[in-house]
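> Starting from these lines, generate the structure:
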Amino acid sequence: MIVTLGPSSYRDVVKIDKKITHVKFSDHMGGFDKNLTNTLLDTILNNITTKLTVETEYILLDSVISNYPSLNFKFDLDATIKGNYFFDFFNYNTHPTLNYKNFICSFNGTAHVSRKLLVSILEKFKYYIPVYCSKNFLYTIDAIDGHINDYVPGQTSLYRNFFISADSEDFFQTVNSFGHVQFEHNKNIYNLENKLTESFLHIVSETVATSYVPFVTEKFLYSVVTRGLFLSYAQPGWHAHIEKYYGFKLYTKLFDYQFDSITNPVKRLVELMTMVGKFSKLTSFEWHDLYLLEQDAVEYNYDHYFSGNYLNELKKYED
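This next block holds a predicted model:
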């Protein structure tokens, strides 16, 4: 018997029959902590008496698997592709011409901790332009202070300078939405295509970026299908992950991916913003010249998606 659990039923993990032998999880499972453990998996281990196969949308590293020697992990490719909407852009094959007018675009839906941190630092660095960046939630300075303290305790007074300014409260208490429909990416791409093609860089606001294990969703594909440059605020190792397992190319001629290996989510975000800052004062013509340095990689990623070759890469990890 196979038990399937999605986000709305994660709480039911405590009700799993002790003799169950196969569980399928959909979505991110709440992420993994800095010890590379997961609350749902820990709960399962406390409630079962049999050898258990766990099917997930993660391609898990050995460092994670070693924490759960009694579990047999399997990568669920079908759930990954469908659950993370990878096919939603397949019929989108014509985009506006690149016409740089803006530095960064970023789209932030639900109020996860990582998204609050991301829009806060974008605003503090003056990269948050309301026409090109969304923020569909409210929060407070106290909330950001709390999040910073959670991840860099003892250094809150240092790191809050990257996230909070005198007028931050007004920004934190403002919603800025483009009217997108959640999960309908085949429609949302048309709402966002001009914002993407008019921006030098898309900072992808990945799901649960404060987790410590890479989890890949459809969000970076908004840039791939519009032939744009992207960097993700995601889990540590996320960029290396999409290169190794999904086969997409990174833009190494332009960007220093050292930030990708920083495990602490606050320090990783600060390093990411500091790294891209050197591009912020360039002209639109200079941005275009830099883009041309990565055009081969951009075209490769575009073809890699529409050809379905990334699926062939992922199939290697199904067993």
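
> quick one: the strands in this structure?
In the chain, the strands defined using DSSP state E lie at 2-5, 22-25, 52-56, 71-75, 102-105, 199-205, 230-233.

> Residue 288 contacts residue 99, correct?
No: using C-beta atoms under 8 Å, residue 288 is not in contact with residue 99, being 9.1 Å away. Backbone N, C-alpha and C define where each C-beta goes, glycine included.

> From residue 133, how far out is the most centrally placed residue in the chain?
Computing the C-alpha centroid of the chain and ranking residues by C-alpha atoms, centre = their mean puts residue 206 first, at 1.8 Å. The spacing between residue 206 and residue 133, counted by C-beta to C-beta, to the nearest Å, is 15 Å.

> likewise residue 262?
Taken as C-beta to C-beta, the span from residue 262 to residue 133 is 23 Å.

> what about the two, which has more around it?
Remark: of residue 262 and residue 133, residue 133 carries more neighbours, 24 against 16, as counted by other C-beta atoms under 10 Å.

> Pull the number of nearby residues for the spatially closest residue to the more buried one that is not a sequence neighbour.
Nearest-residue entry for residue 133: residue 106, 4.8 Å, with adjacent residues in sequence omitted and distances by C-beta to C-beta, 6 or more residues apart in numbering. Residues near residue 106, counting by other C-beta under 10 Å, number 23.

> need the contact list for residue 83.
Neighbouring residues of residue 83 by C-beta atoms under 8 Å, 6 or more residues apart in numbering: 26-27, 57.

> most neighbours, which of those residues?
Counting by other C-beta under 10 Å, top hit in the contacts of residue 83: residue 57 with 23 neighbours.

> Report how many residues lie close to residue 280.
As a measure of burial, residue 280 has 14 neighbours, counting by other C-beta under 10 Å.

> Okay, it and residue 119: tell me how far apart.
For residue 280, the distance to residue 119 (C-beta to C-beta) stands at 17 Å.

> Helices - which of the contacts of residue 83 land there?
Nothing among the contacts of residue 83 maps onto helices, per DSSP state H.

> Among these, which has the minimum pLDDT value?
Ranked by pLDDT, the contacts of residue 83 bottom out at residue 26 (87).

> Identify the residues contacting the residue lying closest to residue 158 once chain neighbours are set aside.
Distances taken as C-beta to C-beta, 6+ apart put residue 152 closest to residue 158, at 7.6 Å, once the chain neighbours are dropped. Going by C-beta under 8 Å, 6+ apart, residue 152 touches 158-159, 264, 266-267.

> Name the member of these that has the highest neighbour count.
Among those, residue 266 has the most neighbours (other C-beta under 10 Å), with 24 neighbours.

> Now that we're looking at it, what pLDDT does it have?
What the model reports for residue 266 is a pLDDT of 98.

> Now for the residue nearest to it when sequence neighbours are not counted, how many residues are close by?
Closest residue to residue 266 apart from its sequence neighbours, by C-beta to C-beta, 6+ apart: residue 151 at 4.4 Å. Residues lying near residue 151 (other C-beta under 10 Å) number 19.

> and if you look at residue 170?
Counted with other C-beta under 10 Å, residue 170 comes out at 8.

> wait, what's in contact with it?
With contact set as C-beta under 8 Å, 6+ apart, residue 170 has no partners.

> Distance of it relative to residue 42?
41 Å.

> do the same with residue 174
Residue 174 is 38 Å from residue 42, by C-beta to C-beta.

> how about the helices in this structure?
All helices of the chain, identified by DSSP H, fall at 39-45, 62-65, 77-83, 113-124, 141-151, 156-159, 168-172, 185-197, 221-224, 238-244, 265-276, 284-293, 295-306, 309-315.

> Can you show me the CA trace of the last one as PDB?
Coordinates of the C-alpha atoms in helix 309-315 are reproduced here as PDB (Å, rounded to 0.1, in the frame of the first residue of the first chain):
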ATOM      1  CA  ASN A 309      16.500  17.300 -22.800                       C
ATOM      2  CA  TYR A 310      16.300  18.300 -19.200                       C
ATOM      3  CA  LEU A 311      13.900  15.400 -18.700                       C
ATOM      4  CA  ASN A 312      16.400  13.000 -20.100                       C
ATOM      5  CA  GLU A 313      18.900  14.300 -17.500                       C
ATOM      6  CA  LEU A 314      16.400  13.800 -14.700                       C
ATOM      7  CA  LYS A 315      15.400  10.300 -15.800                       C
END
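
> which parts of that helix are buried?
Neighbour counts over helix 309-315 (16 or more other C-beta atoms under 10 Å) mark 310-311, 313-314 as buried.

> Closest to residue 163 out of those?
residue 310 (34.4 Å; C-beta to C-beta).

> what's the nearest residue to residue 237 once chain neighbours are set aside in contact with, if anything?
In space, and not counting its chain neighbours, residue 237 is closest to residue 214: 5.3 Å by C-beta to C-beta, 6+ apart. Counting by C-beta under 8 Å, 6+ apart, residue 214 makes contact with 58-59, 234-238, 241-242.

> Could you measure from residue 214 over to residue 111?
Separation of residue 214 from residue 111 (C-beta to C-beta) stands at 22 Å.
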